[in-house]
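Chemist: structure for the following, please:
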Amino acid sequence: MALDRMDSLKRTHYCANLSTEDIGKEVVVCGWTQRQRDLGGLIFIDLRDRTGIIQLAFDDNTDKEIFEKAFTVRSEFVLMAQGKVRRRSSVNKDIPTGEIEIEVTTLKILGKAETPPFDISDDTKANEELRLKYRYLDLRRSKLQKNIMTRHRIAKLTRDYFDENGFLEIETPTLIKSTPEGARDYLVPSRIHHGSFYALPQSPQLYKQLLMLSGFDRYVQLARCYRDEDLRADRQPEFTQIDVEMSFVTMEDIFEVAEGYMKRLFGEILGVELTLPLKRLKFNDAMEQYGSDKPDIRFDMNLIDLSDTVKDCGFSVFADTVKNGGTVRAICAKGGASVYTRKEIDKLTEEAKGMGAKGLAFIRYAEETPTCAFSKFLSEDEFKAILDKTGCVQGDVVFIIADKKRLALSVLGNLRLTVAKRLDIIPNTFAPLWITEFPFFEYNEDTGNWDAMHHPFTSPLDECIPYLESEPDKVYAKAYDLVMNGIELSSGSIRITDPELQTQMFKALGLSEEEAHEKFGFLTDAFRFGAPPHGGLAIGLDRICMLLTDSDSLRDVVAFPKVSNSSELMSGAPAAVDETQLRDLAISVINKE
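Modeler: This next block holds a predicted model:
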């Protein structure tokens, strides 16, 4: 059946932009039918567009043909309606337009719709897999539309802020040479150069440094980046980062620009005033206090070092761990005894084991006498010393990990978050901070090598340069992360510009001169022609959007996201291609069983 034509009508207002000030005005609105209610001689249609809902009214005064047409309307029909704004007889306080409605004089059905596979509302019960399969329907939901519109505002504010501060937005290539950056590259075969591949950029790192050498001393780009790695709630295989680089600056200059951006962002988007300068914490201190290099500092429950307290105690698990170079760490969940029953503690223990811990010791101080399985191995003074050190009093629970330091800190840091969420003690505030002085190297137990924790162009602290090749564990970097509420929002560093130091760094990472030149020669060659001191950072736009919209997943702020296996359920990507395409690329597919 042919659909009604729009004729000469033109939309005059978005649905939710109407208000009581428009009463008496003739308006034209367009949108989708949220629902239709037939009350006999009275029909109401809730019309929805990206701004919200307006009620369309059809009654005894409505033209009979228009009334009959309204009777045929079903959910998700696309409509155009003309009429006069009037005051509603009964106010709906749940929507901004709840005091008004449109007395419809012209109704056009622009598109009919089948019954959708799920209810298109913010409280839909449909599972995420179904919603992602029909993502174009899921995106009609108010919450997701608001998220996408907020993302637009954030992107515009970003461009405005950096433009006002002298930055130039410059695009860098998306078909580049594959270079090691930590994650796997997505590779693109070349039709012209058989057997050769482009890579999609994990970041524009090398190009933005070359722009500094080219004299564009303030660069910014909302850059699309790609990483072939396992996904989680705050990670997608393709993402957008606010990429920033500056010449003739120190770390303090970069912090000043980034903090100014964050202050403006939170002020204009949320009306939240961030206090500057932001707090700073060195990497080692963050790990010691919170067991994480992206700590959530909105609540207490810091990690407690019990190693000295228990190194000579009668419980061999603790004492032997310390003697063998390990550590014993604890957290005290204040008031946790009422929530953490033995059953709950068993679940937490399984979580700890899943992260590599051998077990989870605990003290549950619910009654007058604490419950503790290992207390029988301790003297009264030794047990009291643990209670005193952890600040444990009646009503509290203490959780203890004894293991290698790196593992103990990491596991306890994760348990700290789990316990805080379970106790509901995390305030709904924003607590940003800088993490500084990261270790330059991290030991790879699988290969026996020292890898760069950031990228190999990060500058070490000046005082650490003598240890580059002899004692890599003593080398710290001019690197920094911007963290908020347990989420890493940004990472950056001051770059190496001295060709000799860069060569020394490649050598420390186990790269021969030939390998380094093969992978990075076009950048290191450029350093020979006058490199300004420079540094920068990359801010995750998707994560910023997730935080500012109070979303649980990046999938809620990305229009067409991937799922955990990196596929897109709606389009079916990735998918096989035909033999002709493969033949043009001189590629054959090997089926791996």
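Chemist: what about the stretch 151-300 of the chain, any weak spots by pLDDT?
Modeler: 180-182, 233 (pLDDT under 70).
Chemist: again with the chain
Modeler: In the chain, residues with pLDDT under 70: 1-7, 180-182, 233, 593.
Chemist: switch to 50 and redo it
Modeler: 1-5 (pLDDT under 50).
Chemist: biggest helix in it by residues?
Modeler: helix 142-164 (DSSP state H).
Chemist: quick one: name whatever helix or strand follows that helix.
Modeler: strand 168-169 (DSSP states H and E).
Chemist: what helices or strands is that next one leaning on?
Modeler: helix 142-164, strand 218-226 (3 or more CB pairs under 8 Å, 6 or more residues apart in numbering; DSSP states H and E). The C-beta positions use only the backbone N, C-alpha and C, and glycine is treated the same way.
Chemist: helices or strands up against the shortest one?
Modeler: This points to strand 218-226. In terms of contacts (3+ CB pairs under 8 Å, 6+ apart), strand 218-226 is packed against helix 142-164, strand 168-169, helix 205-213, strand 238-247.
Chemist: got the contact list for whichever helix or strand comes after the second one?
Modeler: Tracing the chain C-terminally past strand 168-169 and defining elements by DSSP H and E, one meets strand 187-189 next. Strand 187-189 is contacted from outside by 175, 178, 196-200, 585, 587, using CB atoms under 8 Å, 6 or more residues apart in numbering.
Chemist: so what's the gap between the longest helix of the chain and the chain middle?
Modeler: Helix 142-164 sits 15 Å away from the centroid of its parent chain (CA atoms, centre = their mean, to the nearest Å).
Chemist: measure the closest residue to residue 477 other than its chain neighbours to residue 282 for me?
Modeler: Closest residue to residue 477 in three dimensions, ignoring its sequence neighbours and counting by CB to CB, 6 or more residues apart in numbering: residue 440, at 4.3 Å. Look at residue 440 and residue 282: by CB to CB, to the nearest Å, they are 14 Å apart.
Chemist: and if you look at residue 473?
Modeler: 16 Å.
Chemist: now swap in residue 487 and tell me
Modeler: For residue 487, the distance to residue 282 - CB to CB - is 19 Å.
Chemist: what's the answer for residue 392, then?
Modeler: 28 Å.
Chemist: which of those two has more neighbours?
Modeler: residue 392 (23 against 14; other CB atoms under 10 Å).
Chemist: nearest spatial neighbour of residue 548, skipping sequence neighbours?
Modeler: residue 269 (5.4 Å).
Chemist: host element of the one you found?
Modeler: Residue 269 is part of helix 251-270 when elements are defined by DSSP H and E.
Chemist: got the angle between that helix and strand 218-226?
Modeler: 70 degrees (axes from the mean of the first three to the mean of the last three CA atoms, to 10 degrees).
Chemist: quick one: buried residues of helix 251-270?
Modeler: 251, 254-255, 257-259, 261-266, 269 (16 or more other CB atoms under 10 Å).
Chemist: distance to residue 379 for the residues you listed - can I get that in TSV?
Modeler: Putting these into TSV (distance: CB to CB, whole Å) gives the following:
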residue	distance to residue 379
251	50
254	54
255	50
257	57
258	53
259	52
261	56
262	52
263	54
264	59
265	56
266	53
269	57
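Chemist: helices or strands up against whichever strand or helix holds residue 547?
Modeler: Assigned by DSSP H and E, residue 547 belongs to helix 541-548. Judged by 3+ CB pairs under 8 Å, 6+ apart, the packing partners of helix 541-548 are helix 142-164, strand 238-247, helix 251-270, strand 487-494.
Chemist: identify the residue nearest residue 355 in space, chain neighbours excluded?
Modeler: residue 411 (4.7 Å).
Chemist: ok, now which ones touch that neighbour?
Modeler: 291, 352, 355-357, 401, 403.
Chemist: quick check: of those residues, which lies closest to residue 316?
Modeler: residue 403 (14.4 Å; CB to CB).
Chemist: and stretch 209-224, which residues are buried?
Modeler: 209-213, 217-223.
Chemist: distance to residue 23 added to the residues you listed, as TSV?
Modeler: Putting those into TSV (distance: CB to CB, whole Å) gives the following:
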residue	distance to residue 23
209	60
210	60
211	56
212	59
213	63
217	56
218	51
219	52
220	46
221	47
222	42
223	48
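Chemist: tell me the one of those nearest residue 80?
Modeler: Looking across the buried residues of stretch 209-224 and measuring by CB to CB, the closest to residue 80 is residue 222, at 34.9 Å.
Chemist: from residue 483, how far off is the residue nearest to residue 548?
Modeler: 19 Å.
Chemist: one more: residue 99?
Modeler: 44 Å.
Chemist: for those two, indicate the residue with more neighbours.
Modeler: residue 483 (26 against 15).
Chemist: show me the beta-bridge partners of the more buried one.
Modeler: residue 433, residue 488 (DSSP bridges).
Chemist: just to revisit the earlier point, what's the spacing between the residue nearest to residue 477 and residue 451?
Modeler: 10 Å.
Chemist: comparing the two, which residue is more hemmed in?
Modeler: Per other CB under 10 Å, whichever of residue 440 and residue 451 has more neighbours is residue 440, with 30 against 16.
Chemist: surely that one touches residue 472?
Modeler: Yes: in this structure, residue 440 is within contact of residue 472 by CB atoms under 8 Å, at 7.2 Å.
Chemist: for stretch 564-575, measure first residue to last.
Modeler: 16 Å (CA to CA, to the nearest Å).
Chemist: now do the buried residues in it.
Modeler: 566, 568-570.
Chemist: repeat for stretch 348-356
Modeler: In stretch 348-356, counting by 16+ other CB under 10 Å, buried: 348-349, 352.
Chemist: residue 62: which of those residues is nearest?
Modeler: residue 348 (62.6 Å).
Chemist: got the contact list for whichever strand or helix holds the closest one?
Modeler: Residue 348 is part of helix 342-354, with elements assigned from DSSP H and E. With contact meaning CB under 8 Å, 6+ apart, helix 342-354 is reached by 340, 359-360, 362, 364, 397, 399, 401, 411, 414-415, 418-419, 422.
Chemist: try 10 Å
Modeler: Contact with helix 342-354 is made by 333, 336, 340-341, 357-362, 364, 371, 397, 399, 401, 403, 411-412, 414-415, 418-419, 422, as judged by CB atoms under 10 Å, 6 or more residues apart in numbering.
Chemist: narrow those to those in strands?
Modeler: 333, 361-362, 364, 397, 399, 401, 403 (DSSP state E).
Chemist: and those residues, which two are the farthest apart?
Modeler: 364 and 403 (21.1 Å).
Chemist: ok, how many other residues are close to residue 238?
Modeler: 16.
Chemist: how close does the nearest residue to it once chain neighbours are set aside get to residue 559?
Modeler: In this structure, residue 238 finds its nearest non-sequential neighbour in residue 226, 5.1 Å apart by CB to CB, 6+ apart. Plainly put, residue 226 is 17 Å away from residue 559 if you go by CB to CB.
Chemist: who has more neighbours, those two?
Modeler: When residue 226 and residue 559 are compared for neighbours, residue 226 comes out ahead with 19 against 11, by other CB under 10 Å.
Chemist: the more buried one contacts residue 185, doesn't it?
Modeler: Yes: applying CB atoms under 10 Å as the test, residue 226 and residue 185 come out as touching, 7.7 Å apart.
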